[in-house]
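J.: fold the following for me, if possible:
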Amino acid sequence: MQKLEVHPPSLLAGSVLAVLAFIAMAPTPPPPSTAPTPPGLIPARNMIQIHQGTPYTVPTGQLLVVTGLGSFAGISGGFGAGIPATLSVNGVGEIGTRSAEQGPNQMVYGDNLPEVRSMVPVPPGFAIAQGSVVTVTGVAWGYIERY
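T.: Down below sits the predicted model:
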C-alpha cells in the first residue's frame, strides 16, 4: 500500500481558495433604498413656496416646476389688494393673474374680515431652468425636479 503524502504549499493554496469561496457565497445586505414615491405624488421635501420680496435661484441640475400663483389680499387695502400676482424669470415677466377686482376667484372668509384670496393653477409643463432667478409679486407654489 502506498503512503499518502500532502504537499504543504498545495494544502495552503487549497485552504485559502476554500475560505475565499465560502466568503463569496455569504449573503450580502440589500442596498439601502427609499420607498418609491407613488406615481402622481410629489415628495414634500421637493415642494417650495416663493414669496414676494424673496428671489429664488433654481439649483444646478434641477428644474423648478411652478404649479400655482396667487396673492392674499384684504379688501380693506392689505397686502396685494387689487394687485395681480406675477412671476418673473431673470427679470422678464412670464405669467400672472388678474387683479382681485377683475377675477372670479373671490371668496369671503369670516364674518367681520372679508378677504380676497386668489390662487390660480399654472398651465402644466411650465418649468424654469437651473440658474434662473425667480421673483414674484404675491406667492408662487411649485416643486423641484432633478434632471
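
J.: downstream of the worst-scoring helix or strand of the chain on mean pLDDT, the next helix or strand is which one?
T.: Least confident helix or strand, the chain: strand 115-121 with a mean of 63, by mean pLDDT, DSSP states H and E. Later in the chain than strand 115-121, the nearest helix or strand by DSSP states H and E is strand 127-128.

J.: helices or strands up against that next one?
T.: strand 62-74 (3 or more C-beta pairs under 8 Å, 6 or more residues apart in numbering; DSSP states H and E). The C-beta positions use only the backbone N, C-alpha and C, and glycine is treated the same way.

J.: how about the strand it packs on: buried residues?
T.: Residues of strand 62-74 classed as buried: 62-66, 69-73 (neighbour count, 16 or more other C-beta atoms under 10 Å).

J.: from those residues, pick the one nearest residue 29.
T.: Closest approach to residue 29 among these (C-beta to C-beta): residue 62, at 30.9 Å.

J.: spatially nearest residue to the closest one (excluding sequence neighbours)?
T.: Among residues not flanking residue 62 along the chain, residue 144 sits closest, at 5.0 Å (C-beta to C-beta, 6 or more residues apart in numbering).
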